[in-house]
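**Student:** only geometry, no sequence info:
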């Protein structure tokens, strides 16, 4: 009978302790029929062990999987094989520990996918993971893809007017109280930290 790798079982237990009220709607470890037809880590290996885990994105209830994935990238646990999150992937072999675009059909924006090493010594290493918070989602993406953060008081730029256009506001280029309130409302409605600051994830949700 198939089982989940002990390292991932430990990781899931820790995440549940951090966010006991989180949704598990998109959680999963063993693959369905679609996975079975592919070379997926959700399929049991020759030892009947599954070395992949999906964890549901539920920032409203304490688990921001996008920030979680970035935290895993930064902390570089040796058990990790690769992580997919919100249209990006990093691995320990290809451009190690650097985010790259993920081109699969599933963007993984509703959950984070964690695969661990094929080595049984690593995938069944059940020591605790270093996942203590807090984690950040808005300002921890790689420097190569970071654009200036926009917030109340930001100078007039084309980025501010583009933001206002997406929010349905008057495009005066002034990031004032109305723009800040609109950003907060959009963030709250889309499961982001409602801080009124337009960073990478807010821009991505807006299509900027």
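**Tutor:** Everything's here; your move. Quick caveat, the model's predicted, so the values are computed rather than measured.
**Student:** buried residues in stretch 166-175?
**Tutor:** 166-167, 169, 173-175 (16 or more other C-beta atoms under 10 Å). Backbone N, C-alpha and C define where each C-beta goes, glycine included.
**Student:** revised request: answer the last question for stretch 74-84.
**Tutor:** Result for stretch 74-84 [16+ other C-beta under 10 Å]: buried residues 77, 79-84.
**Student:** mind checking the SS state of residue 17?
**Tutor:** Under DSSP: H, G, I helix; E, B strand; the rest coil, residue 17 falls in the helix class.
**Student:** and the pLDDT for it?
**Tutor:** As predicted, residue 17 sits at a pLDDT of 95.
**Student:** equivalent analysis for residue 135, please.
**Tutor:** Looking at residue 135, its pLDDT reads 82.
**Student:** can you put the buried residues of stretch 74-84 in JSON lines and add pLDDT and secondary structure?
**Tutor:** Converted to JSON lines, these look like this (pLDDT from 0 to 100; DSSP: H, G, I helix; E, B strand; the rest coil):
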{"residue": "77", "pLDDT": "96", "secondary structure": "coil"}
{"residue": "79", "pLDDT": "97", "secondary structure": "coil"}
{"residue": "80", "pLDDT": "98", "secondary structure": "strand"}
{"residue": "81", "pLDDT": "98", "secondary structure": "strand"}
{"residue": "82", "pLDDT": "97", "secondary structure": "strand"}
{"residue": "83", "pLDDT": "97", "secondary structure": "strand"}
{"residue": "84", "pLDDT": "96", "secondary structure": "strand"}
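**Student:** tell me the one among these nearest to residue 124.
**Tutor:** residue 79 (9.5 Å; C-beta to C-beta).
**Student:** report the contact partners of residue 89.
**Tutor:** Going by C-beta atoms under 8 Å, 6 or more residues apart in numbering, residue 89 touches 82-83, 99-102.
**Student:** which one of those is nearest to residue 130?
**Tutor:** residue 83 (14.6 Å).
**Student:** which helices and strands does the helix or strand containing residue 163 pack with?
**Tutor:** Here residue 163 sits within helix 158-166, counting by DSSP states H and E. Judged by 3 or more C-beta pairs under 8 Å, 6 or more residues apart in numbering; DSSP states H and E, the packing partners of helix 158-166 are helix 177-189, helix 200-206.
**Student:** nearest to residue 122, out of the ones you listed?
**Tutor:** Evaluated with C-beta to C-beta, the helices and strands packed on helix 158-166 place helix 200-206 nearest to residue 122, the distance being 30.7 Å.
**Student:** off-centre distance for that closest one?
**Tutor:** Relative to its chain's centre, helix 200-206 lies at 13 Å (C-alpha atoms, centre = their mean, to the nearest Å).
**Student:** packing partners of it?
**Tutor:** Here helix 200-206 touches helix 158-166, helix 177-189, going by 3+ C-beta pairs under 8 Å, 6+ apart.
**Student:** make TSV from the ones you listed and add mean pLDDT and distance to residue 22 to it.
**Tutor:** Shown next, in TSV, are those (pLDDT from 0 to 100; distance: least, C-beta to C-beta, whole Å):
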stretch	mean pLDDT	distance to residue 22
helix 158-166	89	29
helix 177-189	92	18
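**Student:** out of those helices, which gets nearest to residue 67?
**Tutor:** Among these, helix 177-189 comes nearest to residue 67, with 13.7 Å by C-beta to C-beta.
**Student:** that'll do, ta.
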